[in-house]
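Provided below are the primary sequence and the corresponding predicted coordinates.
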Amino acid sequence: MKVYRGQDMPSSLQNISFTGLVDVTYDKPISSQPLMELRNQRGLAGPVVFVLNGNRLTAAQVAFLRFVPEAIGQVQVSPANATNMETVISIQTNTTKPPRQAMPNDPLTGKPQVILR
């Protein structure tokens, strides 16, 4: 695992994060997709610009970066128009994974409660 902050950030990733990045090497396969897949899924044609958490990505970054669908919180598409010749795909990532709520123990038995719905 490598943590990048400030001047340590590789030039290819400079404008992606204000606070830093964590680069994790994982031995098992991770199901991910290229960013252009978002364009294809939405049936968009023509030039597209990607914005990740408010930071415009370069063509090299778009070609390099991949995404895990569960990490995306919101995708907003702004179609090309008279003033903006490119479609803008703005991606907001999830900031945190909500913690799992532990089921409280039954106060009488001390055992986990079972709730039927």
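Structure received.

Residues contacting stretch 54-67, please?
The contact list for stretch 54-67 (Cβ atoms under 8 Å, 6 or more residues apart in numbering) reads 12-13, 15-17, 32-36, 38, 49-52, 91. (Glycine included, C-beta is placed from N, CA and C.)

Select from these every entry located in strands.
Counting by DSSP state E, the contacts of stretch 54-67 place 33-34, 49-52, 91 in strands.

Filter those down to just the buried residues.
49-50, 52, 91 (16 or more other Cβ atoms under 10 Å).

what secondary structure does Ala82 sit in?
Under DSSP: H, G, I helix; E, B strand; the rest coil, Ala82 falls in the coil class.

re the thing from before, pLDDT and distance to Phe67 added to the ones in strands among the contacts of stretch 54-67, as TSV?
Output for these, formatted as TSV (pLDDT from 0 to 100; distance: Cβ to Cβ, whole Å):
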residue	pLDDT	distance to Phe67
Gln33	89	6
Pro34	90	8
Val49	94	16
Phe50	93	10
Val51	93	13
Leu52	89	9
Ile91	91	8
